[in-house]
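[1] How does the following fold in three dimensions:
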Amino acid sequence: MAQRIKVWDGAVRFFHWAMVLLVAGLWFSGSEGYIVVHQILAYCLASLLIARIIWGIWGSETARFSQFAASPQAAIKYLGNARPVVGHNPASSYMIFTLMTLLLLQIISGLATFDNSYMSDGPLVALLPASWVDLASAIHKLNIDIILILVTVHIGFALWHSWRHDNVIKTMVTGTAKLNNVPQPVMQASWRFFVMLAVFLLILYYWQGRMLLALL
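    Okay, here's the model as predicted:
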């Protein structure tokens with residue numbers, strides 16, 4: 001008998017939708033040349049990703065990377081027989097790990113990206129050889145296109161899965177889903193995640209944020 005259980009805690013849901021908004025904002029601000037806004041959003045995304053990585057180790061059961069990490073065979077098998085699962089399914093886990101890795105690469109390369117302006121260059125530009133800066137800048141420009149392509153694919157599969165199987169988009173909004181004969185996953189208090197996020201935001205604010213806000 002199907003019963004409604006809590007699948008996603010507030011931390012995971014906040015991370016998911018905040019990341020959507022930040023990536024959209026980063027793409028728009030970068031495309032339009034709003035570099036200071038772009039960098040501020042990048043530091044917000046960096047804080048969010050670091051907090052999520054820690055939450056993926058010590059957070060709620062469905063938030064832990066160990067819970068949804070799967071072998072390639074399991075992912076392929078799932079695609080051939082998709083069904084409702086608690087948390088991330090084996091196929092989507094590969095997209096999640098890939099996107100998080102590419103976003104971290106985007107942030108790191110952005111720290112060393114030259115923007116023809118001493119006021120808005122990445123903070124590592126002055127510390128690195130010119131060849132490294134050129135490489136980081138090239139990676140930064142190429143990597144965002146790859147991220148946008150994968151995000152589009154991810155959205156497409158989420159829409160398809162929600163239409164053909166269970167509504168994963170709704171579940172990521174409400175945090176709950178009706179599943180058959182599934183025990184309630186162990187949840188951690190989400191306030192711990194938000195405290196971590198606040199700490200990382202504060203650290204980055206004192207490192208670079210104050211200077212950037214003064215340029216607005």
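[2] Just list what the helix ranked longest in the chain packs against, helices and strands only.
    Using DSSP state H, we find that the single longest helix of the chain is helix 130-164. Here helix 130-164 touches helix 10-32, helix 90-111, helix 168-174, going by 3 or more Cβ pairs under 8 Å, 6 or more residues apart in numbering; DSSP states H and E. Where you see a C-beta, it was placed from the backbone N, CA and C, and this is true even at glycine.
[3] how far out from the middle of the chain is the longest one?
    Mean C-alpha position of helix 10-32 versus that of the full chain (Cα atoms, centre = their mean, to the nearest Å) differs by 8 Å.
[4] So Leu111 is in contact with Leu124, correct?
    Yes. The pair Leu111 / Leu124 is scored as a contact, 4.6 Å apart, by Cβ atoms under 8 Å.
[5] May I see the buried residues of the longest helix of the chain?
    Under the neighbour-count criterion of 16 or more other Cβ atoms under 10 Å, helix 130-164 has Val133, Ala136, Ser137, Ile139, His140, Asn143, Ile144, Ile147, Val151, Phe157, Ala158, His161 buried.
[6] so the first one makes contact with Leu127?
    No. In this structure, Val133 is not within contact of Leu127 by Cβ under 8 Å, at 9.5 Å.
[7] Flag the shaky bits of the chain, pLDDT-wise.
    By pLDDT under 70, the weakly predicted segments of the chain are 1-2, 82, 116-120.
[8] How about stretch 84-103, which residues are buried there?
    Here stretch 84-103 shows 84-93, 95-96, 99-100, 102-103 as buried, counting by 16+ other Cβ under 10 Å.
[9] just stretch 108-127 next, same as before
    108-115, 120-122, 124-125.
[10] For Ala74, give me its contacts.
    Pro90 (Cβ atoms under 8 Å, 6 or more residues apart in numbering).
[11] For Phe193, see how far away it is.
    Distance, Ala74 to Phe193, using Cβ to Cβ, to the nearest Å: 28 Å.
[12] do the same with Trp55
    5 Å.
[13] Overlap of the contact sets of the two?
    The contact lists of Trp55 and Phe193 share Ala11, Phe15, where a contact means Cβ under 8 Å, 6+ apart.
[14] which residues does Met169 contact?
    One thing to correct before we go on: residue 169 is Ile, not Met. Ala158, Leu159, Ser162.
[15] Hmm, Val168 and the last one touching each other?
    Yes. Look at Ser162 against Val168 with Cβ under 8 Å: they come within range, at 5.5 Å.
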